[in-house]
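Undergrad: build me a model from this:
(one chain, ligands or ions: 1)
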Amino acid sequence: MAGRAPAPRLRPRSGPNARFGVVAARFNEPIVKKLVDGAVAAFTAGGVGAGAIDVRWVPGSFELPLAAHHLALSGRYAGIACVGVVIRGETPHFEHVAREAAAGIRSVALATGIPVTFGLITALTEEQAWARAGGDVGNRGAEAADAALEMVHFLEARTSVRPDRRTRTARRSRIGVRDHKR
Ligand code: DLZ
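TA: Predicted structure coming up:
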């Protein structure tokens, strides 16, 4: 599936104070670094302050969901972009990695309510992967960051809860904790 994602450029209302995370899988690291650069550049272009973007590395794409889940539950992040590169090898192993990463990332977003987006390249060859890491076919990391920004904007338009408070608020209401005003 080739093609470029549309550039949304819908900025979160919370402005430069909103924090964003990039979780990056170290497998195929030289290509993944291009995705990280793309994601950071897109967040910055979207109005996120340079000091408000945290990049965290994990061993491989299989580990992306757990790391993203941990960051999302911290309540510190408005959105998180996951980036990684899965290239077909000689065995079906890569299919398991790609499938679990995709399903896991989706689950984290649904379970936490924090936009956690999918900046993975799944490619048949290294050449295809480079093309999607800032080459002819765009930069999947930048697209994941743009998607996170747009989803934060989407959620902000529908709730008065600040994005970085959303997880904490959801958790507190689930366990029946109320804020007592004195
Ligand atoms: C083991 C493995 C393989 C074969 N291929 C990739 C890959 O193409 N891209 C990637 O990000 N990670 C790969 N991994 C590593 C797994 O994601 C994971 O880190 C290990 O299986 C340990 O859990």
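Undergrad: count the residues that sit near L110.
TA: 10 (other Cβ atoms under 10 Å). Placement of C-beta: from N, CA and C, glycine included.
Undergrad: model confidence score at it, please.
TA: Looking at L110, its pLDDT reads 98.
Undergrad: for V97, same thing?
TA: Predicted confidence (pLDDT) for V97: 96.
Undergrad: look up phi and psi at it.
TA: For V97, the backbone dihedrals are phi -60, psi -50 (criterion: degrees, to the nearest 10).
Undergrad: now swap in R158 and tell me
TA: Torsion angles, degrees, to the nearest 10, at R158: phi -110, psi 0.
Undergrad: output the below-cut-off pLDDT ranges for this structure.
TA: The model of the chain has pLDDT under 70 over residues 1-16, 160-182.
Undergrad: might you name the residue of it sitting closest to the ligand?
TA: G60 (2.2 Å; Cβ to the nearest ligand atom).
Undergrad: next up, the contacts around that residue.
TA: Under the criterion of Cβ atoms under 8 Å, 6 or more residues apart in numbering, the neighbours of G60 are 25-27, 84, 97.
Undergrad: so which strand or helix has L64?
TA: helix 64-73 (DSSP states H and E).
Undergrad: how far away from the center of its chain is that helix?
TA: 10 Å (Cα atoms, centre = their mean, to the nearest Å).
Undergrad: quick check: phi and psi on E90?
TA: According to degrees, to the nearest 10, E90 has phi -90, psi -10.
Undergrad: how about it, what does it touch?
TA: Contacts of E90 by Cβ under 8 Å, 6+ apart: none found.
Undergrad: quick check: next helix or strand after the helix holding L64?
TA: Assignment by DSSP H and E places the next element after helix 64-73 at strand 79-87.
Undergrad: centre of the chain to that following strand, how far?
TA: How far strand 79-87 lies from its chain's middle: 7 Å, per Cα atoms, centre = their mean.
Undergrad: what bridges to the most centrally placed residue in the chain?
TA: For the chain, the residue sitting closest to the mean C-alpha position, by Cα atoms, centre = their mean, is A81 at 1.4 Å. With DSSP bridges as the criterion, A81 is bridged to V22, T117.
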